[in-house]
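Participant: Need a 3D model of the sequence below.
(chains A and B)
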Protein chains: 2
Amino acid sequence: MKTAITPTRAENFSEWYQNLIAAADLAENAPVRGCMTIKPYGWAIWELMRDEMDRRIKAQGVLNANFPLLIPIDFFNKEAEHVAGFAKEAAVVTHYRLKMIDGVLQPDPEAKLTDPYIIRPTSETIIGEAMSRWVQSYRDLPMKLNQWVNVMRWEMRPRMFLRTSEFNWQEGHNAFATHEEANADARKMHAVYADFMQDVLAIPVIRGEKTPEERFAGADHTYTVEQIMQDGKALQAGTAHDLGQHFAKSFGIQYLGTDGQLHHAWTTSWGVSTRMMGGLFMTHADDDGLILPPAVAPYQVVIIPISRDEGAAELNAFAEKLADDLRAANVRVLADTSDMRAPDKMWKWIKRGVPLRVEIGAREMADGMVTVTRRDLGKASKQTIDVAQFVAAVPDMLRQIQQDMYAAAAARNRDMIVEVTDLDALESELASGRVAFFRLKYDQTLNERFDALMETYKISRRCLDDADPAYVFVAKSY
Amino acid sequence: MKTAITPTRAENFSEWYQNLIAAADLAENAPVRGCMTIKPYGWAIWELMRDEMDRRIKAQGVLNANFPLLIPIDFFNKEAEHVAGFAKEAAVVTHYRLKMIDGVLQPDPEAKLTDPYIIRPTSETIIGEAMSRWVQSYRDLPMKLNQWVNVMRWEMRPRMFLRTSEFNWQEGHNAFATHEEANADARKMHAVYADFMQDVLAIPVIRGEKTPEERFAGADHTYTVEQIMQDGKALQAGTAHDLGQHFAKSFGIQYLGTDGQLHHAWTTSWGVSTRMMGGLFMTHADDDGLILPPAVAPYQVVIIPISRDEGAAELNAFAEKLADDLRAANVRVLADTSDMRAPDKMWKWIKRGVPLRVEIGAREMADGMVTVTRRDLGKASKQTIDVAQFVAAVPDMLRQIQQDMYAAAAARNRDMIVEVTDLDALESELASGRVAFFRLKYDQTLNERFDALMETYKISRRCLDDADPAYVFVAKSY
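Facilitator: Numbering: from 1, shown residues only, chains lettered A, B, ... in the order given. Below is the predicted model:
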């Protein structure tokens, strides 16, 4: 059977992913090394994700703010582990002027910065410095700040949405009077992320703490939300860090306690990025293109008039009227009355993953009927129903799609989690080519044999199992 | 009379402005040259402005997207006027790694970019390159794109919100098949900006075309929205450019017309930034602090319980209940039940410009009354009214404040516009120390004497008068 995306997932998952992104018009490689341009359809999905996440973050009492793009190297240098983690991928600003010299536009040697800046790879340092001034007394705590910004980590093996030199994210930075509160906050934001992915993105997740080997540069505890892609690989989709007093001590974030003494604060940081979009696509899409959960679909319904020249205007008007009725019910809808051929329109919106597709021909219009197909179920779901009945049913149909998509991904995930009793079992699975989330005792991974397996099979520890932290999940990852 | 902000506007407008920003907790200078940190209260105002502007932009059929932060110098170099306009303030990225050398963390000489990048000062070039691929046929036009991003123009004389090296803005970039459409689009976006400032920010504006001397680098026509600050100086608050075919030719944005021939497209660009916030503050604030129009006030109403120890809990509960009732009517409200002293709370929210302040004491609570004061009118507006009546009246009160603030600014502006018949009259006004918008015949400014006046009195042509483009407005500016 011919598919809209070639190669198929089974043939070559990685190429399928690239072609999916092009076919759904989501993004393209930018003429800047490792960077991408997010096209309008991709950005519309991000706006829906971002706005819903923003509501959930604000519901935690977090306030948005905006800190500078550039970070003085000197600041960055204050936390040793942080430097070790990010210095290798820092974009450095060294000049503040261009000049035409010998016909070539280049950095003006006379405008060289004495102290260069880096473009933020993350903002613990510059926000830490601000908090050292903003936090004075226990009354200022907790202080909960977030920003939605672009960051840059120079990327040698870029991959759209998953790993790009520049990416968009939110980074939250909270400060507390006690370690208990800070740790509870990191766990809370971890839960906010997991719930968002499950409720909004219809993606079942594996959540747990990172092992010490995999922690964020400068954290005491890193809590991660991992997703299982259709090819069995892991995607780290969001992390929350309990930073202990590392940054508070490096930057002097101190408060006067009720005891009249100065104490260092305890801080957390937590972020999700456009990377989640890659997870969304690789979880739900099929060989015909994207499949979007209704909660983040720019159009939840597309209406396609199947017109044959004469009567087209009337059919288009009928389609527009139906769209208006759905809009009145808060449904995001498009009546595609463009002058493309109907089959081309159909495939365009299949590839873009619109949850519900409505086709209307002249005869259906006359009968007051519409033909409706669910993107997630395809032809099997096709039904012709009364238009008024359809309008009334749409909100429920969308809710059902959202649920079914989650259930389908969850069912697939169950086959992707494999218990292994020891390294022999693990090696045998890996040698057989199995790609999955392998669950085994964490202490079995603390030896050179496991290190060698990681190297050979490109696997890594994803996280400890929240249900029993003596166990760890091991997988290949994006 | 003691004022909350010292010095007062009359004493030293510029220092008053700096202190206003600190007193209202809007922003602070960042530890990065020329940059600022926008604090939560300032950012909340920006989010309200941004979200409303975004709705108005989308209503014009514009789609949001996201283009890279970095621009290859080579791209930037393709449009000569553009280079001349921005090369002198470009932040240049030359390395992609830091390395510790002799104990100093610095750009790694082995990670020097062969082709450096600049941080976008604006994105005509990189979007032009994309459009050259995205636009193929007349069917692809008009193409209307916008992005909300940070940009950077190295600033030697920074001033918070008005002129910072990094700033946040939206930049729209549209392409059309004909010059007529492109020009109409630039004018339309110009009108969208002016309407936004008048309707949402309650700021009356002067709008018109920039003279050739003041156009954007690479534009055929620049349409500007100018605001008159309380000190009589001009603030350029938004511009829309008819770029003719400059960028279409530099980047090869061509479409196959209905005539079967290739044609260059016609493009526009248009932007407003966080600079508008400076205009908002300098238009409406007074010597006691900010005065916010209800449309962009993070809290439209603040409720202050005036408690005397015992009974505080009951009074706080009453305040919270009132806040809930107002929230149910879609009013943004805060019940300030923090443990600050009541007068301190009152001054805090006066300085932050909350439109309506509600005070409730134990006696008022017993009587079911509240005392209400409008921030824009102050004590004169103070009234004690029935709480249910107040809840019902709030939406109308907020609308009235919005209108009255606009009317007050418009009345002040009328005195700030001064007709001058010739350069003698202009010079005499300037010599007397008058700061205002001077209106005179444009052709009277095309000579060396006017150039000398510009130099001496730091004035510039703000824009032609839309009502009669033979006239130009001349003023000092921010």
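Participant: As a check, name the ranges of all strands in the stretch 101-250 of chain A.
Facilitator: A:104-107, A:112-119, A:143-152, A:166-176, A:205-209, A:221-228, A:234-242 (DSSP state E, counting those that start in this stretch).
Participant: now do the stretch 301-450 of chain A
Facilitator: A:301-306, A:333-335, A:356-361, A:369-374, A:383-386, A:417-419, A:437-441.
Participant: Buried deepest among these, which one?
Facilitator: The highest average neighbour count among those, using mean count of other Cβ atoms under 10 Å in any protein chain shown, belongs to strand A:301-306 at a mean of 25. Placement of C-beta: from N, CA and C, glycine included.
Participant: helices or strands next to it in the packing?
Facilitator: helix A:312-328, strand A:333-335, helix A:342-351, strand A:356-361 (3 or more Cβ pairs under 8 Å, 6 or more residues apart in numbering or on different chains; DSSP states H and E).
Participant: Pick the most deeply packed of those.
Facilitator: Most buried of those, by mean neighbour count (mean count of other Cβ under 10 Å): strand A:356-361, with a mean of 22.
Participant: CA atoms only for that one - export them in CSV, please.
Facilitator: Output in CSV follows, covering the C-alpha atoms of strand A:356-361 (Å, rounded to 0.1, in the frame of the first residue of the first chain):
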residue,chain,number,x,y,z
LEU,A,356,-11.4,15.1,12.4
ARG,A,357,-11.9,15.4,8.6
VAL,A,358,-15.3,16.3,7.2
GLU,A,359,-16.1,15.9,3.5
ILE,A,360,-19.2,17.3,2.0
GLY,A,361,-20.4,16.7,-1.6
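Participant: what's that strand in contact with?
Facilitator: Residues from elsewhere that reach strand A:356-361, judged by Cβ atoms under 8 Å, 6 or more residues apart in numbering or on different chains: A:300-307, A:315, A:318-319, A:322, A:342, A:346, A:349-350, A:370-375, A:390, A:394, A:397-398, A:401.
Participant: got CSV for the strands of the stretch 101-250 of chain A, with mean neighbour count and distance to chain B too?
Facilitator: What follows is those, written out as CSV (neighbours: other Cβ atoms under 10 Å in any protein chain shown; distance: least, Cβ to the nearest Cβ, whole Å):
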stretch, mean neighbour count, distance to chain B
strand A:104-107, 16, 5
strand A:112-119, 18, 6
strand A:143-152, 21, 6
strand A:166-176, 23, 5
strand A:205-209, 22, 26
strand A:221-228, 26, 23
strand A:234-242, 26, 19
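Participant: Tell me which of those approaches residue A:68 most closely.
Facilitator: Closest approach to residue A:68 among those is made by strand A:112-119 (8.8 Å; Cβ to Cβ).
Participant: Stretch A:75-95: how far from the chain's middle?
Facilitator: How far stretch A:75-95 lies from its chain's middle: 24 Å, per Cα atoms, centre = their mean, to the nearest Å.
Participant: Establish whether it and chain B are in contact.
Facilitator: Yes - contact of stretch A:75-95 with chain B (Cβ under 8 Å from any Cβ of the partner chain) involves A:75-77, A:83, A:87-95.
Participant: What is the most widely separated pair among the residues you listed?
Facilitator: Top of the distance list for the residues of stretch A:75-95 next to chain B (Cβ to Cβ): A:83 and A:95, 22.8 Å.
Participant: who has more neighbours, these two?
Facilitator: More crowded of residue A:83 and residue A:95, by other Cβ atoms under 10 Å in any protein chain shown: residue A:95, with 23 against 20.
Participant: That one: what's it in contact with?
Facilitator: Residue A:95 makes contact with A:107-108, A:111-113, B:91-92, B:94 under the criterion Cβ under 8 Å, 6+ apart.
Participant: ok, now which ones touch the residue nearest to residue A:90 when sequence neighbours are not counted?
Facilitator: Among residues not flanking residue A:90 along the chain, residue A:118 sits closest, at 4.2 Å (Cβ to Cβ, 6 or more residues apart in numbering or on different chains). Counting by Cβ under 8 Å, 6+ apart, residue A:118 makes contact with A:70-71, A:73, A:76, A:90-93, B:98.
Participant: circling back: which one of the helices and strands packed on strand A:301-306 lies nearest to residue B:221?
Facilitator: Nearest of the helices and strands packed on strand A:301-306 to residue B:221, taken as Cβ to Cβ: strand A:333-335 at 34.0 Å.
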